[in-house]
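> build the 3D model from these lines:
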Amino acid sequence: MFYAGQMGMLDKLSGWLGLKKKEVNVLCLGLDNSGKTTIINQLKPSNTQTQDIVPTIGFNIEKFKSSSLSFTVFDMSGQSRYRNLWEHYYKESHAIIFVIDSGDKLRMVVAKEELDTLLNHQDMCSRRMPVLLFANKSDLREAMSSVKVSQLL
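This is a model prediction of the structure:
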């Protein structure tokens, strides 16, 4: 059972992503340690949220429902050795959440390269798909502003 805040967040997410379908597949991508699993965990009903988040190896699948949509979210590992797996999920996806660690200035170039590779992939270029860029960890003292993150991307 969802609480009002969680249902509202899922409905906002579907609005941000411009999703009109009843059932959607969403890829959650980004470099390792960007906070993908934590973001997905916050969308889950509070009684099913995980207290201890561990790095994703390979991928995890989570299912959620909002008042209007069923989400299947593929939480893909961002470790370099697993990033080549991302492209195998592009065709079946309806939206992408690309998570950026706003505090990781050193790897912003790598995040940009991965985002460019994603956006220029043949399975992505041939159709319109909403992509949400999520500048995560903005609450950290050393975090870059969302404007700076967007400039670097």
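> beyond the worst-scoring helix or strand of the chain on mean pLDDT, next helix or strand please.
Comparing every helix and strand of the chain by mean pLDDT, DSSP states H and E singles out helix 4-17 as the least confident one, with a mean of 58. Sequence-wise, the next helix or strand beyond helix 4-17 is strand 23-30, with elements assigned using DSSP states H and E.
> and E92, how many neighbours does it have?
By other Cβ atoms under 10 Å, the residues close to E92 number 11. Bear in mind the C-beta positions are built from the backbone N, C-alpha and C, glycine included.
> assign it to helix, strand or coil.
coil (DSSP: H, G, I helix; E, B strand; the rest coil).
> tell me the contacts of it?
Counting by Cβ atoms under 8 Å, 6 or more residues apart in numbering, E92 makes contact with N25.
> and what of E142?
By Cβ under 8 Å, 6+ apart, the contact list for E142 reads G103, K105.
> repeat for the one 10 residues further on
Residues in contact with L152 (Cβ under 8 Å, 6+ apart) are M108, V109, K112, M144.
> of these, closest to E23?
For these, the residue nearest E23 by Cβ to Cβ is K112; the value is 31.7 Å.
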